[in-house]
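Visitor: Following is a predicted model, sequence given first.
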Amino acid sequence: MITKPDILHIRQYLRLYLVMGSVNCTRPPEEVLTSAIAGGITLFQFREKGVGALTGQAYYQLGERLQQICKTHQIPFIVNDDIELAIALDADGIHVGQDDAPAEGIRARLGYNKMIGVSAHNVTEARQAIQDGADYLGIGPIYPTISKADAQAVQGTSTITALKNYHIDIPVVGIGGIHAHNAEPIFTAGADGIAVISAIAGQDNVEQATQQLNTLTRRLMIN
Ligand SMILES: Cc1ncc(COP(=O)(O)OP(=O)(O)O)c(N)n1
Ligand SMILES: Cc1ncsc1CCOP(=O)(O)O
Ligand SMILES: [Mg+2]
């Protein structure tokens with residue numbers, strides 16, 4: 001569980017953000033998450049979505065098990081979309097999109113010591129999310145993605161650059177099709193980190209792939 005002062009460190013948590021559910025894994029998700037933590041992820045989002053996603057009790061129990069792994073290693077645990085699950089598990093935060101519940105109402109239910117991430121695809125959505133109380137923004141898809149069927153148009157780093165040009169200074173993570181070979185422009189544009197599914201969960205050697213991204217993002221964040 002994160003405490004209030006940790007909220008001040010959201011930029012650090014965003015550096016290497018793993019988003020994942022069972023459908024993204026070719027091995028048990030508990031194993032994948034444990035390897036990713038060993039490799040150096042800084043934040044985890046439980047996103048159980050897509051064809052074959054778990055529901056009901058199995059969904060809840062997987063969330064519980066992944067949260068326990070995060071707790072053991074002091075990695076904040078974020079729930080995708082589902083405010084009821086976030087409350088039931090006393091998660092460290094939630095990530096919501098433009099079609100999900102607005103951040104304003106979520107804050108009232110979740111409390112002030114929790115992280116709320118909001119997806120934004122342009123400056124207008126970013127401004128609204130900030131007004132609604134978002135702690136960070138997920139911007140994307142930066143590149144074409146195989147992991148989200150209903151993703152919006154690929155936007156490269158244009159929104160991240162626009163936010164910087166407008167001096168909109170909220171913590172930002174890029175998402176969508178990000179791998180080691182194309183991560184650099186996202187940091188150059190001004191993001192605090194990258195959020196990935198397939199670059200970690202889809203790899204044969206999860207720990208090694210994560211280590212590579214860990215080394216890379218550490219270097220890019222200070223340049
Ligand atoms: C860190 C991060 N950024 C963006 C998203 C996408 O959220 P959303 O647009 O609500 O789409 P779904 O993930 O719910 O399909 C995210 N999950 N995480
Ligand atoms: C959840 C989400 N939101 C925008 S793109 C995306 C999927 C990211 O997955 P990948 O890193 O495999 O492209
Ligand atoms: Mg969503």
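Guide: Sure thing, it's come through. Ligands and ions are numbered 1, 2, ... in the order given.
Visitor: what's the nearest residue to the residue of the chain found nearest ligand 3 if we skip its chain neighbours?
Guide: Residue nearest to ligand 3 within the chain (Cβ to the ion): Gly97, separated by 3.4 Å. Glycine gets a C-beta too; all of them are placed from N, C-alpha and C. Excluding the flanking residues, the one nearest Gly97 by Cβ to Cβ, 6 or more residues apart in numbering is Ser119, at 4.1 Å.
Visitor: quick one: contacts for the one you found?
Guide: Contacts for Ser119 were tallied using Cβ atoms under 8 Å, 6 or more residues apart in numbering; they are 95-98, 125, 137-140.
Visitor: try 10 Å this time
Guide: When contacts are counted by Cβ atoms under 10 Å, 6 or more residues apart in numbering, Ser119 touches 95-100, 125-126, 129, 134, 137-140, 152, 175.
Visitor: What's the local residue count around the residue of the chain closest to ligand 3?
Guide: 17 (other Cβ atoms under 10 Å).
Visitor: So it versus Ile37, what's the distance?
Guide: Separation of Gly97 from Ile37 (Cβ to Cβ, to the nearest Å): 25 Å.
Visitor: Helix or strand next in line after the helix or strand of the chain with the lowest mean pLDDT, which one?
Guide: In the chain, no helix or strand scores lower on mean pLDDT, DSSP states H and E than helix 103-110, which sits at a mean of 90. For helix 103-110, the following helix or strand on the C-terminal side (DSSP states H and E) is strand 115-120.
Visitor: re the thing from before, which of the contacts of Ser119 has the weakest pLDDT?
Guide: Scanning the contacts of Ser119 for pLDDT, the low point is Asp100. It has 87.
Visitor: burial measure for it, as a count.
Guide: Using other Cβ under 10 Å, Asp100 has 16 other residues around it.
Visitor: For ligand 1, see how far away the nearest residue to it once chain neighbours are set aside is.
Guide: Closest residue to Asp100 apart from its sequence neighbours, by Cβ to Cβ, 6+ apart: Asp81 at 5.3 Å. Noted for Asp81: a distance of 5 Å to ligand 1, by Cβ to the nearest ligand atom, to the nearest Å.
Visitor: Can you read off the pLDDT for Asp81?
Guide: 96.
Visitor: neighbours around it, how many?
Guide: Counted with other Cβ under 10 Å, the neighbours of Asp81 add up to 19.
Visitor: for Asn205, same thing?
Guide: Asn205 - counted by other Cβ under 10 Å - has 11 other residues nearby.
Visitor: And the contacts of Ser119, which two are furthest apart?
Guide: Pairwise distances across these (Cβ to Cβ) peak at 17.6 Å, for the pair Ala134 and Gln152.
Visitor: Return the subset of the contacts of Ser119 lying in strands.
Guide: 95-96, 137-139, 175 (DSSP state E).
Visitor: quick revisit: just the buried ones from the contacts of Ser119?
Guide: The neighbour count (16 or more other Cβ atoms under 10 Å) marks 95-97, 100, 125-126, 129, 134, 137-140, 175 as buried among the contacts of Ser119.
Visitor: phi, psi of Phe77?
Guide: Note on Phe77: backbone dihedrals following degrees, to the nearest 10 are phi -110, psi 120.
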